[in-house]
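Colleague: quick one: sequence plus predicted model below, questions after.
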Amino acid sequence: MQSSSSLVDRLAESDLFVTTSTRSASRTRSFILFSIVWALAAFAIALRGEQWLRSILIYLSRASWARTIVTNFPPAWAVASRFVAGESVDQAIAVARKLKGEGIDSTIDYLGEAVRTANEANDARDHILTLLDEIHASGMDAYVSVKLSQLGLGIDENLALANLRLLLERARSHGLRVRIDMEESALTEITLDIYRKMRLSEGFANVGIVIQSSLYRSDDDLRRLIDEGAWVRIVKGAYKEPASVAYPAKADVDKAYVRHTQMLLGDAARKNGVRAAIATHDPAMIDAALGWVRQNHISPADFEFQMLYGIAREKQRELVAQGYRVRLYIPYGTAWYPYFMRRLAERPANLWFFVSALFRG
Ligand SMILES: Cc1cc2nc3c(=O)[nH]c(=O)nc-3n(C[C@H](O)[C@H](O)[C@H](O)COP(=O)(O)OP(=O)(O)OC[C@H]3O[C@@H](n4cnc5c(N)ncnc54)[C@H](O)[C@@H]3O)c2cc1C
């Protein structure tokens with residue numbers, strides 16, 4: 001790594017890349033490093049196909065050196081802002097308000113994850129408390145999505161628990177709901193434990209959870225959550241997982257997703273008061289859900305579709321026009337890098353936006 005950085009430094013300082021300020025020197029350095037990453041990515045696709053590219057992008061989403069390069073490179077934000085509502089609470093609320101006007105609900109996410117200090121975790125908690133106050137003041141019934149690793153799970157389980165409890169208390173006092181996002185499989189068990197502590201032991205009826213169809217364990221997890229009358233979002237899963245815990249083939253994930261959707265929209269789930277959120281942009285998954293709903297005469301009021309801000313806009317509007325409930329996940333904040341990289345990994349074609357932004361400069 002060291003030798004490639006110094007090569008980049010030398011190139012950036014050479015006559016070819018004469019710059020007039022430190023800012024443009026660092027921009028040039030970013031451009032060169034970026035180009036190297038691109039070349040490696042193109043090589044990986046040519047050699048091993050899209051699956052490899054996905055793995056590389058997920059790896060890069062966690063690499064702090066890559067975060068530094070990408071976030072210091074202005075065109076990156078131009079592309080990332082397609083998926084991120086802005087950097088401030090006000091921008092997120094403004095987007096949610098606009099969507100509400102189009103008949104679309106929101107769940108707002110203050111971006112951040114895997115914090116390393118208690119101060120960072122507590123700052124995130126305080127920011128989300130303000131977000132809850134702002135949502136309440138706006139009069140909207142938007143939800144909030146949080147990640148336990150943002151609240152300190154990687155430092156101390158009790159810290160995350162205490163922070164989540166404060167968020168749930170504030171949300172409850174405003175009549176709002178909080179959903180715990182699901183992170184990588186190493187955190188599945190502890191995330192479910194903390195969810196249950198809040199929902200069942202401490203009686204917070206305003207907390208929800210997410211299940212990833214890609215994991216083998218999810219049939220069992222879902223069965224138990226249905227018995228408990230939980231509030232569940234079903235997703236395919238955004239993390240790169242080993243074959244020991246998750247289906248390696250997309251076709252198997254898709255099959256599991258259809259099965260899980262049908263479980264969540266089954267008689268037992270509805271009898272137990274389960275609130276189901278079918279979170280996908282995949283037209284095949286949406287059609288399978290709609291087929292099941294029609295076949296079983298399930299009311300559109302009994303579930304909702306969820307999608308991510310900036311993806312599948314046509315489909316969102318089409319579902320609303322057909323009378324279905326749609327909620328968008330609206331991320332905002334400055335810590336957009338890992339979220340953005342996961343969106344690239346889901347659809348490597350998004351990389352071309354990057355390339356064109358790179359050359360537009
Ligand atoms: C509301 C919501 C909340 C989520 N919460 C979590 C969570 O807590 N934990 C977690 O692991 N994952 C979460 N995810 C992400 C999820 O796991 C998938 O990674 C993501 O939704 C892509 O899968 P898909 O179902 O859309 O199907 P895919 O098979 O990946 O995609 C189907 C089609 O959708 C479109 N599409 C999908 N992704 C993109 C993209 N990034 N850019 C452009 N088009 C795209 C493309 O047309 C693609 O062909 C969430 C997703 C949503 C919608």
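Modeller: Yep, it's here.

Colleague: and residue 63, how far is that from residue 72?
Modeller: Applying CB to CB, to the nearest Å, the value for residue 63 to residue 72 is 14 Å. Any C-beta I mention is one placed from the backbone N, CA and C, and that applies to glycine too.

Colleague: wait, residue 92
Modeller: Computed as CB to CB, the residue 92 to residue 72 distance reads 24 Å.

Colleague: what is the neighbour count of the residue lying closest to residue 235 once chain neighbours are set aside?
Modeller: Distances taken as CB to CB, 6 or more residues apart in numbering put residue 279 closest to residue 235, at 4.8 Å, once the chain neighbours are dropped. If you count neighbours by other CB atoms under 10 Å, residue 279 ends up with 21.

Colleague: and residue 279, how far from residue 320?
Modeller: Distance from residue 279 to residue 320, counting by CB to CB: 16 Å.

Colleague: again with residue 198
Modeller: Using CB to CB, one gets 32 Å for the distance from residue 198 to residue 320.

Colleague: who's more crowded, those two?
Modeller: Using other CB under 10 Å, the more surrounded residue of residue 198 and residue 320 is residue 198, with 22 against 17.

Colleague: assumed residue 129 was part of a helix.
Modeller: Yes. Secondary structure of residue 129 (DSSP: H, G, I helix; E, B strand; the rest coil): part of a helix.

Colleague: ok, now which ones touch it?
Modeller: Taking CB atoms under 8 Å, 6 or more residues apart in numbering, we find residue 129 in contact with 166, 167, 170.

Colleague: what residue ranges in the stretch 251-361 of the chain score low on pLDDT?
Modeller: For the stretch 251-361 of the chain, residues meeting the criterion pLDDT under 70 lie at 353-361.

Colleague: mind redoing it with 80?
Modeller: Within the stretch 251-361 of the chain, the stretches with pLDDT under 80 are 348-361.

Colleague: up against the ligand, what does this structure have?
Modeller: Contact residues (CB under 6 Å from any ligand atom) of the chain with the ligand: 181-182, 210, 212, 233, 235-239, 279-282, 285, 306-308, 311-312, 329, 343, 346-347, 350.

Colleague: 5 Å instead?
Modeller: 181-182, 210, 235-238, 279-282, 306-308, 311, 329, 343, 346-347 (CB under 5 Å from any ligand atom).

Colleague: take those residues and keep only those in strands.
Modeller: Using DSSP state E, the members of the residues of the chain next to the ligand that fall in strands are 210, 235, 279, 306, 307, 308, 329.

Colleague: what two of those have the greatest distance between them?
Modeller: Farthest-apart pair in those is 210 and 307; separation 14.2 Å (CB to CB).

Colleague: what number of residues lie near the closest residue to residue 303 other than its chain neighbours?
Modeller: Distances taken as CB to CB, 6+ apart put residue 276 closest to residue 303, at 4.2 Å, once the chain neighbours are dropped. Using other CB under 10 Å, residue 276 has 25 neighbouring residues.

Colleague: buried ones in stretch 249-260, by neighbour count?
Modeller: Buried residues in stretch 249-260, counting neighbours by 16 or more other CB atoms under 10 Å, are found at 253, 254, 256, 257, 258, 260.

Colleague: if you skip the residues just before and after it, what's nearest to whatever residue of the stretch 51-200 of the chain ends up closest to the ligand?
Modeller: Across the stretch 51-200 of the chain, no residue is closer to the ligand than residue 181, which sits at 3.4 Å (CB to the nearest ligand atom). In space, and not counting its chain neighbours, residue 181 is closest to residue 147: 4.8 Å by CB to CB, 6+ apart.

Colleague: and the strands in the stretch 1-150 of the chain, which stretches?
Modeller: 105-110, 143-146 (DSSP state E, counting those that start in this stretch).

Colleague: partner strands of the last one, parallel or antiparallel?
Modeller: According to DSSP bridges, strand 143-146 forms sheet pairs with strand 105-110 (parallel), strand 178-180 (parallel).

Colleague: ok, residue 92 and residue 72, which is more surrounded?
Modeller: Legend: neighbour count by other CB under 10 Å for residue 92 and residue 72, higher for residue 92 (27 against 15).

Colleague: next up, the contacts around the residue nearest to the more buried one when sequence neighbours are not counted.
Modeller: Excluding its sequence neighbours, the residue lying closest to residue 92 (CB to CB, 6+ apart) is residue 332, at 3.9 Å. Residues near residue 332 by CB under 8 Å, 6+ apart: 84-89, 91-92, 95, 108-111.
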